[in-house]
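Undergrad: Attaching a predicted model along with its sequence, questions to come.
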Amino acid sequence: MRRTTSRPSRRPSRSRAAVSIGAAAATALLLTACSSGSSATEEGAESSAAGLTVGAVDLAAAGCPATVVIQTGWNPEAEHGHLYQLLGDDPAIDASKKVVSGPLMASGEYTGVDVEIRAGGPATGYQTVTSLMYTDPDILLGYVSTDESIAQSAEMPTTAVFASHDISPLMIMWDPATYPEVKGVSDLVDAGAIIRYFGGSAYMEYLTSAGIVPESQLDASYDGTPASFVASGGADAQQGYASAEPYVYENEVESWMKPVAYQLIDDLGFRPYQDPVVVRSADVEGSASCLEALVPVLQQAEVDYFADPAATNALILDLVEQYDTGWVYTQGVADYSVETMLAEGISGNGENATLGDFDEARVQDLMDKMIPVWEAQGVTVAEGLTPGDLVTNEFIDPSIGLAE
C-alpha cells in the first residue's frame, strides 16, 4: 500500500542533482581511506566466510577490502540499479541503518569480498556524499556528480572512476496543455513562465549566469512535492528528473494525472556526469589494483541490470519499503525509469562503444562554465585543477558496453 498519494522528489544538491554553493565551501577533516584488502584467495577456492566459490574475478586477490562500502546519495531507485545488481540472493537488510549487504557478485559469480550499499538523502540527514566519504574512511566508493567534485576540489577532492550515467536525468518540466507551443526552456522563458527549483542548485546558477533563464522568472521555493505545481494550474514550470517525474505526475499524483513535457538540462549546456562512482583522490594510486578489477565489474553489472532488471528492481522496492523514510517508489516508476534511461541516453555508451568512460573535453567545458560562477560566490576551487584530477578512464574496460 502506498503511504501517500504524492511522491516527494529527490532533494537537490545535497543528494543528487547539483551542488549547493554553501555546502561546497564547507570544510571537512581529511582522512586517509583504509584500503586493507582481505588475503588473496586462489581462484576456485572455497570462501569460508561466505560459503561460496570464487569465480573468474577475485577482488580479494586484487587487494579490495573484505567489504566494499558504497555510499549513494539517495534512497534505493532504478537509477542505482547497477549497484544493487552486485548483490546476490538473500542479502542482509538493516532497515534501521538503511544499509543492505551481502557477497559481491559479478554476473552471478562470487568475487571473494562482500559489498555494503548505504542509502543517502534522508538516511544520512542529507549530508553530501563527499563529506561522508571524508569522515568515514570505510567508504571506498560514492556517488559524487562532476559539478560537486569541481566545487569541493580544494578541500575534499574526489576522482570519478566510472560514469554510471552518461548524461544527467535532471530536467525542467511544464504543462503541455497550458503551453502547447513550447518546445523547450527558451520557449518557456519567452512565454513568461515562472520556473520553480531548489534554491542553491548549481545548474540554475549556470543558467542564470549564461543568460538562459532570467532571475525574474525563477522561484527557488521548490520543496520536492507537487503541491505548488498543481496549485499553479499548469502556469508554472518546475525542475524534476526525466527518469521519474513524468510517470509520477501522469499516473500517481492524484491531483494532476496528466502528461507533462520536459527538456533535459543537458540540452542547455550544463553537462556534469550525474552520480559517477568516485574515490577520494588521494586513494586512486593506493587502490589501483582493486579498482582495476572492480571497475569492470561495475560496468558489467550495469549491462546485466539493463538486460534483465526485474529481480534487482524487486529488491529496490523491498528496500524502499523496509527503510520507510517516507519516500514512495512504485513498480511503475521503476519500470518507467529503466525504459527512459535507455531511451534518453541517460545511461548508455555515449559516442563510443564503451559504457562508463569519461570525456575530459566535456569536463573541461563544465569547469570553464562553473568555476567563474563559484568564484563569484566565494567558493575556492583547487588551484591548477584539470579534468584528469576529476575523472579517470584508467580502470575502464573499453570492451564492456551496452548493446546497441
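TA: Yes, it's here. Just so you know, these numbers come straight off a predicted model, no measurement behind them.
Undergrad: now for the strand ranked longest in the chain, which elements pack on it?
TA: Secondary structure of the chain per DSSP state E: the longest strand is strand 109-118. Judged by 3 or more Cβ pairs under 8 Å, 6 or more residues apart in numbering; DSSP states H and E, the packing partners of strand 109-118 are strand 67-71, strand 99-106. To be clear about C-beta, it is placed using only N, CA and C from the backbone, and glycine gets the same treatment.
Undergrad: Pull out the buried residues from the shortest one.
TA: So the one you mean is strand 67-71. By 16 or more other Cβ atoms under 10 Å, the buried positions in strand 67-71 come out as 68-71.
Undergrad: In JSON lines, list these along with distance to residue 391 and pLDDT.
TA: Shown next, in JSON lines, are the buried residues of strand 67-71 (distance: Cβ to Cβ, whole Å; pLDDT from 0 to 100):
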{"residue": "68", "distance to residue 391": "20", "pLDDT": "98"}
{"residue": "69", "distance to residue 391": "21", "pLDDT": "98"}
{"residue": "70", "distance to residue 391": "18", "pLDDT": "98"}
{"residue": "71", "distance to residue 391": "18", "pLDDT": "98"}
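Undergrad: From the residues you listed, pick the one nearest residue 163.
TA: If you rank those by distance to residue 163 using Cβ to Cβ, residue 70 comes first, at 15.3 Å.
Undergrad: quick one, what contacts the closest one?
TA: By Cβ atoms under 8 Å, 6 or more residues apart in numbering, the contact set of residue 70 is 83, 115-118, 139-142, 277.
Undergrad: Now with 7 Å, please.
TA: By Cβ atoms under 7 Å, 6 or more residues apart in numbering, the contact list for residue 70 reads 83, 115-118, 141-142.
Undergrad: which residue packs closest to it, ignoring adjacent ones?
TA: Excluding its sequence neighbours, the residue lying closest to residue 70 (Cβ to Cβ, 6 or more residues apart in numbering) is residue 141, at 4.6 Å.
Undergrad: Kindly confirm my reading that the one you found is in a strand.
TA: Yes - checked against DSSP: H, G, I helix; E, B strand; the rest coil, residue 141 lies within a strand.
Undergrad: Can you give me the neighbour number for it?
TA: For residue 141, the neighbour count with other Cβ atoms under 10 Å is 26.
Undergrad: What is the three-state secondary structure of residue 186?
TA: Secondary structure for residue 186, judged by three-state DSSP, is helix.
Undergrad: What about it, how many residues nearby?
TA: 13.
Undergrad: Would you mind measuring from the closest residue to it other than its chain neighbours to residue 184?
TA: Nearest residue to residue 186 in three dimensions, chain neighbours excluded: residue 212, at 7.3 Å (Cβ to Cβ, 6+ apart). With the distance defined as Cβ to Cβ, to the nearest Å, residue 212 ends up 10 Å from residue 184.
Undergrad: Then residue 107?
TA: In this structure, residue 107 and residue 184 are 40 Å apart, going by Cβ to Cβ.
Undergrad: Over to residue 359?
TA: Distance of residue 359 to residue 184, given as Cβ to Cβ: 24 Å.
Undergrad: Kindly report the same for residue 134.
TA: 38 Å.
Undergrad: Can you pick out the residue with more neighbours from the two?
TA: Between residue 134 and residue 184, counted using other Cβ under 10 Å, residue 134 has the larger neighbour count: 23 against 15.
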